[in-house]
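[1] below is the sequence, then the predicted model.
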Amino acid sequence: MSKYEDTIKLIETRCGNDKEVIIALATISLSEKEAGKPRPSARMVCAYYENGVFYVSTDARKNKTLQIEKNNEVSVCGMEGFSFQGTAENLGWVKAEKNSEIRAKFKDIFKWFDQEGDEENPNSIVLRIALSEGTILDGEQAYGIDLVKKFVH
């Protein structure tokens, strides 16, 4: 296997395999600090990982979703030893036909989803976070990975 394939396998072992992962999701706040400088905003969210993408169940009216509408550049990190940058996208209502596979995974992976997912609410949405680059730790080794160019440095 190549270094890139090895690193992808490491990410999948840590985050994939149809399991819930708690990640910190950082966006740019809608409120500015002094002199118009943007402010970061971070929160912990439940996600699942598949093929370079984290999927999150959330509400369209939450600050994170509103912030992503204005600037879809995000960062994520987790206790599993990774930090990534990427772009986020609101895929719409969780019960929309186009989201049926993701919804089924939410129900399977997130044990809380049936109680807390608020599926009948059209503001209950799927947030897709496509990773572009980042770092994953393996012991004392840090691997920088570009998921777009499929390269590890």
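    The structure has been received and is ready for your questions.

[2] in the longest helix seen in the chain, which residues are buried?
    Across the chain, the longest stretch assigned as helix under DSSP state H is helix 3-15. Neighbour counts over helix 3-15 (16 or more other C-beta atoms under 10 Å) mark 4, 7-8, 10-11, 14-15 as buried. Glycine gets a C-beta too; all of them are placed from N, C-alpha and C.

[3] what sits up against it?
    Helix 3-15 is contacted by residues 1, 21, 49, 54, 78, 80-82, 136, 138, 143, 145, 150-152 when judged by C-beta atoms under 8 Å, 6 or more residues apart in numbering.

[4] so which of these comes closest to N121?
    Ranked by distance to N121 (C-beta to C-beta), those are led by F54 at 21.8 Å.

[5] residue contacts, the closest one?
    F54 makes contact with 15, 21, 23, 47-48, 76, 128-129, 131, according to C-beta under 8 Å, 6+ apart.

[6] K105 now?
    By C-beta under 8 Å, 6+ apart, the contact set of K105 is 18, 48, 50, 55.

[7] so the first one makes contact with F110?
    Which is D18. No: with contact defined as C-beta atoms under 8 Å, D18 does not count as touching F110 (10.7 Å).

[8] what sits in contact with each of those two?
    With contacts defined as C-beta under 8 Å, 6+ apart, the residues adjacent to both D18 and F110 are Y48.

[9] more crowded one of these two?
    The neighbour count for D18 versus F110, taken as other C-beta atoms under 10 Å, is higher for F110 (19 against 10).

[10] mind checking how far S31 is from G139?
    40 Å (C-beta to C-beta, to the nearest Å).

[11] S100 now?
    40 Å.

[12] the two: who's more crowded?
    Of the pair S100 and G139, S100 is the one with more neighbours under other C-beta under 10 Å, namely 11 against 6.

[13] what's the first-to-last distance across stretch 66-84?
    21 Å (C-alpha to C-alpha, to the nearest Å).

[14] look up phi and psi at the residue nearest in space to the middle of the chain.
    Residue closest to the average C-alpha location in the chain (C-alpha atoms, centre = their mean): F54, at 3.6 Å. Dihedral angles of F54 (phi, psi; degrees, to the nearest 10) stand at phi -100, psi 140.
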